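[1] the amino acid sequence is not available; the structure is as follows:
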């Protein structure tokens with residue numbers, strides 16, 4: 001079985017990531033700061049040669065990959081952000097007015113994806129990464145989906161992602177230790 005190192009990259013800042021609004025299907029470009037973050041990310045990762053790069057098809061992820069010099073990419077729709085359904089564009093406090101104690105990890109998800117559906121997508125991505133037989137793979141994606149992916153990487157329930165905070169334009173590394181999948185580094189900043 002292939003034991004790739006998997007670098008997980010979250011896209012740079014958008015208007016909605018800055019304001020705390022949940023963004024899945026809405027196409028937003030990076031802010032000027034998000035573009036600067038993506039360039040710094042490229043500089044921070046410049047010494048790493050990736051054998052394969054998967055990227056969410058959303059504009060914010062593609063633009064981050066481009067500005068960071070992470071090309072060519074293979075677009076993968078399984079890397080899109082958790083579909084928030086009717087909660088799209090709302091912040092957690094706004095959602096909790098309707099659904100007290102709501103979290104993305106526990107729901108509800110009116111008109112959106114369930115945790116089980118997101119876990120299935122994460123598992124498919126992991127399968128493609130391992131089956132590719134490459135030593136070093138990167139993915140460029142989104143906050144909640146990347147946290148879900150990390151939880152599934154180590155064989156945990158998707159809800160473990162709640163404890164894996166992830167800032168914009170950060171990178172993390174998932175890998176192996178003695179044949180077991182592990183989290184090596186998480187939420188590494190790229191400087192100011």
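    Right, received. Where do you want to start? No experiment lies behind these values; they were computed from the predicted model shown. Residues are numbered from 1 along each chain as shown.

[2] next SSE after whichever strand or helix holds residue 16?
    Assigned by DSSP states H and E, residue 16 belongs to helix 15-19. As assigned by DSSP H and E, the chain's next helix or strand after helix 15-19 is helix 32-44.

[3] now that following helix: buried residues?
    By neighbour count on 16 or more other Cβ atoms under 10 Å, the buried set for helix 32-44 is 34-42, 44. Placement of C-beta: from N, CA and C, glycine included.

[4] and which of these is nearest residue 22?
    In terms of Cβ to Cβ, no member of the buried residues of helix 32-44 lies closer to residue 22 than residue 34, at 16.9 Å.

[5] got a list of what the closest one touches?
    11-14, 17, 60, 63-64, 168-169 (Cβ atoms under 8 Å, 6 or more residues apart in numbering).

[6] again, only using 10 Å
    Taking Cβ atoms under 10 Å, 6 or more residues apart in numbering, we find residue 34 in contact with 11-15, 17-18, 28, 60, 63-64, 67, 168-169.

[7] just the buried ones from the residues you listed?
    Using 16+ other Cβ under 10 Å as the burial test, these include 11-14, 17, 28, 60, 63-64, 67, 168-169 as buried.

[8] now, the residues you listed that are in helices?
    Cross-referencing the buried ones among the contacts of residue 34 against helices under DSSP state H gives 17, 60, 63-64, 67.

[9] dump the residues you listed to CSV, plus distance to residue 188 and pLDDT.
    Below are these laid out as CSV (distance: Cβ to Cβ, whole Å; pLDDT from 0 to 100):
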residue, distance to residue 188, pLDDT
17, 18, 96
60, 19, 98
63, 20, 98
64, 15, 98
67, 18, 97
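
[10] okay, now the sheet partners of the lengthiest strand in the chain, with direction.
    When the chain is parsed with DSSP state E, its longest strand is strand 180-188. Applying DSSP bridges to the sheet, strand 180-188 is found paired with strand 171-177 (antiparallel).

[11] now do the partner strand against helix 59-68, angle only.
    90 degrees (axes from the mean of the first three to the mean of the last three Cα atoms, to 10 degrees).

[12] pick out whichever of the buried residues of helix 32-44 sits closest to residue 139.
    Taking Cβ to Cβ as the measure, residue 139 sits nearest to residue 41 out of the buried residues of helix 32-44, at 13.3 Å.
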